[in-house]
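Visitor: Any chance you could fold what I've pasted below:
(one chain, ligands or ions: 1)
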Amino acid sequence: MTASPNLFADCTLPGCPNPVAAAGQVCGACREAFGPMLQPARAEAMTAEEIAHRDGAVRDIYAARIPDHAAGAAEPVPASTPDRDGEVQA
Ligand SMILES: [Zn+2]
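Guide: Model (predicted):
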């Protein structure tokens, strides 16, 4: 288990940062948004370790895609667009 800097656990739905009282719970906003479509996948709530394992691969991919500005990486180059004649301008 990794130490969490947060006092509360995050909502168990992927991508929702709302705090909940205990790991494995769903926040009120998600309950309201999803209503009866939100169904438990199993009898027991997921543990913090299971949630971290489930979300780890996606979090690693997101982190790899974010430019590392702190390390002095170059700013992202804006996509070039073709002009009226169809020539690509840098
Ligand atoms: Zn939520």
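Visitor: residues from this protein in reach of the ion?
Guide: By the rule C-beta under 5 Å from the ion, the part of the chain lying against the ion is 11, 13, 16, 18, 27, 30. To be clear about C-beta, it is placed using only N, CA and C from the backbone, and glycine gets the same treatment.
Visitor: Counting neighbours, which of these comes out on top?
Guide: Neighbours here mean other C-beta atoms under 10 Å. Within the residues of the chain next to the ion, the largest count is held by residue 11, at 22 neighbours.
Visitor: Now do the contacts for it.
Guide: Contacts for residue 11 (C-beta atoms under 8 Å, 6 or more residues apart in numbering) come out as 17-20, 25-27, 29-30.
Visitor: and these, which of them are in strands?
Guide: Using DSSP state E, the subset of the contacts of residue 11 located in strands is 19-20.
Visitor: So which of the contacts of residue 11 is the closest to residue 61?
Guide: Closest approach to residue 61 among the contacts of residue 11 (C-beta to C-beta): residue 17, at 17.8 Å.
Visitor: Residue 18 against residue 31, yeah?
Guide: No: under the criterion of C-beta atoms under 8 Å, residue 18 makes no contact with residue 31, lying 10.4 Å away.
Visitor: mind showing which ranges of the protein have poor pLDDT?
Guide: 1-5, 69-90 (pLDDT under 70).
Visitor: Next up, the contacts around the nearest residue to residue 58 once chain neighbours are set aside.
Guide: Nearest non-adjacent residue to residue 58, counting by C-beta to C-beta, 6 or more residues apart in numbering: residue 14, 7.2 Å away. For residue 14, the contacting residues are 54-55, 58, by C-beta under 8 Å, 6+ apart.
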